[in-house]
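Student: Here is my input, please return the structure:
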Amino acid sequence: MGCRVPTGRYSAQAEGEIATAERNRPRAARAGRAARGPARAGYPAGVSSEQTPAAPAAADTAGPRPRRLTYAAVLVALEGVGLLAGGIWMAVLAVTGAPDDRQQAVTGGVTLVVLALLPLFAARGLLARRSWSRGPAVITQLLALPVAYNLLQADSVAIPAGIALAVVAVAALVLLVNPETTRALGIRGPGNAGQ
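Tutor: Alright, predicted model coming up:
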């Protein structure tokens with residue numbers, strides 16, 4: 001069974017079919033149709049080809065940025081700066097020092113610098129109140145927790161770094177899932193999409 005879209009070369013035929021269908025409908029149905037308005041050219045059901053306009057900005061996203069959102073953005077940016085500094089430090093040591101494998105050290109440094117972009121862009125989006133920014137920020141925190149755990153398992157000066165990273169990650173997660181932060185970013189929960 002084929003389906004034709006009433007556009008282009010079919011629009012004249014579709015208009016003729018609409019007129020024929022209108023003539024063959026009972027009088028009461030035609031009166032109801034007239035009350036609703038004329039059918040749109042090319043679409044039998046009177047459906048518009050216009051796109052649905054974007055929903056107006058929610059009233060919750062207007063006004064000053066909540067403090068919790070600002071704190072979350074600062075913590076996420078702090079992690080990004082830490083990754084960036086670690087990547088640069090690792091790359092510099094790879095070039096100027098005597099690593100076991102220079103190529104591996106440079107690759108590790110470049111990887112950390114590239115990974116730093118995720119929390120830095122997320123922090124910028126949080127400050128600008130962009131709803132997309134919460135996802136990368138939460139992912140960064142979830143990835144930071146196992147790293148903090150591994151740092152805590154080390155028998156070295158990495159233990160304080162693990163404690164600091166764990167505190168920052170947990171605090172940022174709490175701030176990011178806070179209802180005030182969610183409302184400020186214009187994120188609606190399941191079942192609240194129409195509100």
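Student: Every contact and neighbour count from this point should use C-alpha atoms.
Tutor: Fine.
Student: List the buried residues in the lengthiest helix in the chain.
Tutor: In terms of residue count, the longest helix belonging to the chain (DSSP state H) is helix 67-96. With burial defined by 16 or more other Cα atoms under 10 Å, the residues of helix 67-96 counted as buried are 68-88, 90-91, 93-94.
Student: okay, and the helix or strand of the chain with the least pLDDT?
Tutor: Least confident helix or strand, the chain: helix 27-36 with a mean of 54, by mean pLDDT, DSSP states H and E.
Student: ok, for N150, nearest residue in space, not its chain neighbours?
Tutor: G162 (7.5 Å; Cα to Cα, 6 or more residues apart in numbering).
Student: What lies in contact with the one helix or strand the one you found maps to?
Tutor: Using DSSP states H and E, G162 sits within helix 158-176. Here helix 158-176 makes contact (Cα atoms under 8 Å, 6 or more residues apart in numbering) with 68-69, 71-72, 75-76, 134, 137-138, 141-142, 144-145, 147-153, 181-182.
Student: ok, A171 to L152 distance?
Tutor: To L152, A171 is 18 Å away according to Cα to Cα, to the nearest Å.
Student: Compare the two (neighbour count), which wins?
Tutor: More crowded of A171 and L152, by other Cα atoms under 10 Å: L152, with 19 against 15.
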